[in-house]
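Chemist: Below is the sequence, then the predicted model.
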Amino acid sequence: MKPVRFGLIGYGAWGVHHARVLSGTDGAALVSIAGRSADSCDAARRDHPGAAIYDDYAAMLDREQLDAVAVVLPSHLHSEAGAAVLRSGRHLLLEKPMALDLADCDALISLARDRRLTLAVGHEFRLSSLWGGVKRMVDDGAIGVPRYALIELWRRPYRTGSGGWRYDPGRVGSWILEEPIHFFDLARWYLSGPGEPVAVTARGSSKRADRPELLDNFSAFVDFPGGAYAVISQTLAAFEHHQVVKLTGTEGALWASWGGAMDRTFHPSYSLKYFDGQTVVDIPIDRPTGEVFELEEQAAMMVRAVRDGTPPAVSGEDGRRSVALCLAARRSIETGETVRMDPTLDDR
C-alpha cells in the first residue's frame, strides 16, 4: 500500500516534532516542508534531507504531490494556511486554535465539507493514554454520572515564539486560545453526557501592570446541563509543567496527573488513580504519555483518516466549539459577567 504523502507548513519548536513523527509513522511519508525563515528552512534541510524544502507554502502546495498537510504556524496564520491547503484539495491537520474567530472557523468547516476532505484539529490530548484513559473509564461508567471536573495547569511562562508572536495580542488572539483551549476541549469531552456547555464565567490576572491583556493566571467555570460543571485553571507564573485532571461522579472519582521539566519532555512522570467509593486503585498506563508522544498517535490517526475515511479524533466542529468557549471566557473577563452559550449555535 502506498504511503500517505504529507506536507508540513511550519518548522518551529513544534513543527520539528511534527516532522519527526510524520517521517517515522507507519504508512506516512514526509514529502515536503515549508519554513517561514531561512534558518528554519536550513534546519529542515539538515534534519530531513529526503524532503523538498520551501520558503513559500503556496509554492509547495502548487508543486508537490501531497495527500495531506499539517499546519503548525503561529495562531493568526492558521486560518489562511488551512484554507489554502483545503482549496488545494489536500486533507488538513490544523494545529489549535483552528482560527482566532468563529467566522474563520466556519469558513474552514465549509471548505472541508464542500470538498469532502478531512479537517482534523490538533487537540492531541484526546489521543493520550492518560487523558484518554480518563475518558474511557468515564464512558465505561466507572464513576457513574460525571458531576464535576477540575483541569489545572501549573507551568513556566510561554516561549515568546518566532518574532514574539505569543506576546502580541494581534497574532496570538488571546492566551486563553493558546493553551486553556486544550482544557476546554477536555472538559467538553469528559462531561459530554449532559450535553454542550451552557455558560462560562472567567477571571484572569497579569503579573505585569503594563501588559494586563497577558493573563498569566486564568480560571473559568463552565456550566453544563443538569448542574454538572468544570473548573479550568492555569498559571504561567510558576515553574516546570504540571497538569492535573480530577473528576467526580455519582459513584466514584478519578485523579490523573502529569509532570515534567517542560511540555516537550520525553521523560515525564504520570499517574491515574481511581476511587470506587471505598478503595483507591492505581490504574496502569499502557504507553508513555505527553504531547511529544500524542503527536505520534495523531499522525497515525491522520493516516487512517486519509486511507479509510476514519473520522478524526477532533473534528472542525469540535475545534470551533473550543474556540467559542475561549472567546466566551475572554468576554466574561472583559465584562465581569457570566456569558451564556447557545449549545446549538456555539455563541454565534
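Modeler: All right, it came through fine.
Chemist: Any figure for the gap between the residue nearest in space to the middle of the chain and residue 291?
Modeler: Closest residue to the average C-alpha location of the chain: residue 123 at 2.7 Å, with CA atoms, centre = their mean. The spacing between residue 123 and residue 291, counted by CB to CB, to the nearest Å, is 11 Å. Using the backbone N, CA and C atoms, a C-beta is placed for each residue, glycine as well.
Chemist: Kindly report the same for residue 300.
Modeler: The gap separating residue 300 from residue 291 is 15 Å, by CB to CB.
Chemist: Specify which residue of the two has the higher count of neighbours.
Modeler: residue 291 (21 against 16; other CB atoms under 10 Å).
Chemist: Show me the chain divided up by domain.
Modeler: According to automatic domain parsing, the chain comprises the domains 4-124+295-315, 126-289+322-340.
Chemist: What average pLDDT does stretch 176-184 get?
Modeler: Throughout stretch 176-184, pLDDT has a mean value of 96.
Chemist: Ok, stretch 238-252 next?
Modeler: 97.
Chemist: so when I look at residue 159, I'm seeing a strand, right?
Modeler: No - Residue 159: not assigned to a strand; according to DSSP: H, G, I helix; E, B strand; the rest coil it is coil.
Chemist: Report the distance from the lowest-mean-pLDDT helix or strand in the chain to the chain centre.
Modeler: Confidence across the helices and strands of the chain bottoms out at helix 169-172, with a mean of 93, counting by mean pLDDT, DSSP states H and E. Between the centre of helix 169-172 and the centre of its chain there are 18 Å (CA atoms, centre = their mean, to the nearest Å).
Chemist: How about that helix, which residues are buried there?
Modeler: 171, 172 (16 or more other CB atoms under 10 Å).
Chemist: same thing with stretch 144-158?
Modeler: Using 16+ other CB under 10 Å as the test for burial, stretch 144-158 gives 146, 147, 149, 150, 151, 152, 153, 154, 155.
Chemist: Greatest separation within those residues: which pair is it?
Modeler: Farthest-apart pair in those is 147 and 155; separation 27.3 Å (CB to CB).
Chemist: who touches residue 81 in this structure?
Modeler: Neighbour list for residue 81: 9, 57, 71, 73 [criterion: CB atoms under 8 Å, 6 or more residues apart in numbering].
Chemist: how about the CA coordinates for stretch 49-57, as CSV?
Modeler: C-alpha atoms of stretch 49-57 as CSV (Å, rounded to 0.1, in the frame of the first residue of the first chain):
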residue,chain,number,x,y,z
PRO,A,49,17.4,15.6,3.6
GLY,A,50,14.9,13.5,1.8
ALA,A,51,12.2,16.1,1.9
ALA,A,52,11.7,19.0,-0.5
ILE,A,53,12.1,22.3,1.4
TYR,A,54,10.3,25.5,0.5
ASP,A,55,10.2,29.0,1.9
ASP,A,56,6.7,29.6,0.5
TYR,A,57,3.9,27.1,1.3
